[in-house]
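> the sequence and its predicted three-dimensional model are supplied below.
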Amino acid sequence: MKRMDWVIAISFIAVGFTCLIMSMSFIDHSESAHVFIMSAIRYCLWMGIPLVIISLFYMWIKDRNRRKG
Amino acid sequence: MCLFLIVLAPLGYVISSIFSNFYLDNLEKNIEHLSARYVDLMSRGDMMSTSMIGMMAELNGVDVIIFDHTGKAVMETNRYDPPTIDSLVPEETKQLSRNMFISKEEINEAGERYFFKVSPLNGESFNGALGVIAPVEPAMDAVDQIRSLLILAGVGALFIAIGITYIISRRLSQPLLQMENAARRMAKGDLDVKVDVLTEDETGSLARSINELGDELKRYRDTRSEFFANISHELRTPITYLEGYSQVLADGLIDSDEEKSKYLLIIHQEARRMKGLVEDLFELSKMEEGKISINKEWMDVSEALQHVLGKVGPRVTEKGLVLEQDIIKEIPYVLGDGNRMEQIFLNLLDNAIRYTIKGFIRVNIYIDSSHVIIEIADTGLGIPEEELPYVFERFYRVEKSRSREFGGTGLGLAIVKKLVELQDGHIEIESIVNRGTTFTVKFPIFLEGVES
């Protein structure tokens, strides 16, 4: 992938991430950075869980295919 | 992106409907609860309770309308700008008199929605009714706010999905684009191009196959060029002889009949050589295209060999060589084509006679546990060890000068190898320079699932 491709992809993800965090922290009626950061951490945790599960599943499939080989 | 929208749009609509219905249901239950309390208070029947209901309604954020037994409004609060309701329609009054409730939505002059719940006031008979009217807008405002946040979250999820999909698609498509580029370059003749094998999955396997295809095409191209160069050379030489000597004869530049006969003999020999070359080429090309017919049947190899030895015997004697034979009688049959088998032995013996100046040619035939083995050895010029891997290639000659000195087309061993392989056999060569060469041909006695 070229650098431009990475810039485009990361920009999309950053904008999406900001939209999600804003919608999460809006109800708190607080504009403090603390709330925003905590929301971001909570969101990352929720995104991390499926990522970890998918990664483990992928590694298991890869390992099984290698053994079958 | 369209796929994400197809998923996200109905999902957003469903979530929005769930929130909207949840809030309206909550409002309705709340009003029902208030209505029940006010009716209970009214049932006590004193004037104090009416003013208390008004105060309570104000505190609860609703308005109250009290109807008499004819359905006419006799008291109403007007704090939250409710729609004007002077009386109930007769059907509603009738319904209330049967101790039934009325729930409906009303709209005020400003077009705002209100939820209206009417409960009957029953003593010994139908005394009237109490209506509670509450604005829907505050609840819908909350729903609208949540809807906006859901849209924002949906847009965020869409952007993240697009970003991740972009990375995945680029990573998946990049090797394919590289392969497409490589295939295009190969089509234009650049066969040195290579594709990077980055993974061990299907994409990696495809990249490896493309590299192999490129190597194979390159080898084919090189072989073809070499073949054309060789064939041009091999044909040009006899044609030059034919042209030269026929010109001499045509111009009458000869001194005697003896000289004329000599030139005619040369022309005849070169014409034969060309004919042999063309026949061998035709045979080889048929074999390579798989168009040659091999009629396999159980056959006696020793019989075919004896037949060929009978043919070449006079030539061996003529050249002053000794033909030694060691052929055992009981040879198992092998699956092969009798004529092709004779062609193999004839080519090998022809080679042996051609390149042996003195000494002997020995032919052995014997068996091991699974093969009939034929050995044809000579005491000829021999082939250097480093040249041995190439002797079965078309037009390969150990020394170019051998062509003119000993004749031959340079295709004999290539044909032999093809014929042996077509009959499930195997050929090997051993040679020592100036000591001789031994060809070993093996044919299987047992073929898969068939016992000879």
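Right, received. Where do you want to start?
> CA only for contacts and neighbour counts going forward, please
OK.
> mind checking pLDDT for B:R171?
pLDDT recorded at B:R171 is 84.
> whichever helix or strand it is part of - contacts with which helices or strands?
Assigned by DSSP states H and E, B:R171 falls within helix B:137-187. On a contact count with 3 or more CA pairs under 8 Å, 6 or more residues apart in numbering or on different chains; DSSP states H and E, helix B:137-187 meets helix A:3-26, helix B:2-42, helix B:202-251.
> so which of these is the most packed in?
helix A:3-26 (a mean of 18; mean count of other CA atoms under 10 Å in any protein chain shown).
> relative to helix B:137-187, how tilted is that helix?
Angle, helix A:3-26 to helix B:137-187, by axes from the mean of the first three to the mean of the last three CA atoms, to 10 degrees: 170 degrees.
> what's downstream of helix A:3-26, the next helix or strand?
Following helix A:3-26 toward the C-terminus (DSSP H and E): helix A:33-68.
> name the residues of that next one that are buried.
A:V35, A:F36, A:S39, A:A40 (16 or more other CA atoms under 10 Å in any protein chain shown).
> thinking again about what came up before, export the helices and strands packed on helix B:137-187 to TSV and append columns for distance to B:V308.
Listed next are the helices and strands packed on helix B:137-187 as TSV, based on distance: least, CA to CA, whole Å:
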stretch	distance to B:V308
helix A:3-26	73
helix B:2-42	76
helix B:202-251	28
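> lowest-confidence helix or strand of the chain?
Because you didn't say which chain, this covers chain A. helix A:33-68 (a mean of 85; mean pLDDT, DSSP states H and E).
> try chain B instead
Least-confident helix or strand in chain B using mean pLDDT, DSSP H and E: helix B:402-406, a mean of 58.
> helix, strand or coil: sort out B:L335 for me.
strand (DSSP: H, G, I helix; E, B strand; the rest coil).
> excluding its backbone neighbours, what's nearest it?
Distances taken as CA to CA, 6 or more residues apart in numbering or on different chains place B:W298 nearest to B:L335, at 4.5 Å, with adjacent residues excluded.
> could you do B:L88 as well?
That would be B:G71: by CA to CA, 6+ apart, it lies 4.9 Å from B:L88.
> the one you found and chain A, how far apart?
Remark: distance between B:G71 and chain A (CA to the nearest CA, to the nearest Å) = 45 Å.
> also B:S49?
Counting by CA to the nearest CA, the gap from B:S49 to chain A is 40 Å.
> tell me which residue of chain A lies closest to chain B.
A:G16 (3.5 Å; CA to the nearest CA).
> now do the contacts for B:N339.
Shown in contact with B:N339 (CA atoms under 8 Å, 6 or more residues apart in numbering or on different chains): no residues.
> how far does the strand or helix carrying it sit from its chain's centre?
Applying DSSP H and E as the criterion places B:N339 in helix B:338-355. Put simply, helix B:338-355 sits 46 Å off its chain's centre (CA atoms, centre = their mean, to the nearest Å).
> over to stretch B:328-342?
That offset, for stretch B:328-342, works out to 44 Å (CA atoms, centre = their mean).
> chain neighbours aside, what residue packs nearest to B:I160?
A:I13 (4.3 Å).
> tell me the confidence at the one you found?
Predicted confidence (pLDDT) for A:I13: 91.
> assess the claim that it and B:V155 are in contact.
No: counting by CA atoms under 8 Å, A:I13 stays clear of B:V155, with 11.1 Å between them.
> what does B:I107 show for phi and psi?
Here is the backbone geometry of B:I107 (degrees, to the nearest 10): phi -130, psi 130.
> burial measure for it, as a count.
16 (other CA atoms under 10 Å in any protein chain shown).
> residues contacting it?
Per CA under 8 Å, 6+ apart, neighbours of B:I107: B:P83, B:R113, B:Y114.
> name the residues of chain A found near chain B, please.
A:1, A:5-6, A:8-20, A:23-24, A:26 (CA under 8 Å from any CA of the partner chain).
> spatially central residue in chain A, please.
A:M47 (4.5 Å; CA atoms, centre = their mean).
> part of a helix, is B:R397?
No: counting by three-state DSSP, B:R397 falls outside a helix, being coil.
> measure stretch B:354-363 end to end?
16 Å (CA to CA, to the nearest Å).
> return the distance of it from the chain's centre.
55 Å.
> buried sites along it?
B:R354, B:Y355, B:T356, B:F360, B:I361, B:R362, B:V363.
> distance to B:V334 and pLDDT added to these, as TSV?
Formatted as TSV, these follow (distance: CA to CA, whole Å; pLDDT from 0 to 100):
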residue	distance to B:V334	pLDDT
B:R354	29	87
B:Y355	30	88
B:T356	30	90
B:F360	28	92
B:I361	25	93
B:R362	22	94
B:V363	18	94
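> quick check, nearest of those residues to chain A?
B:V363 (48.4 Å).
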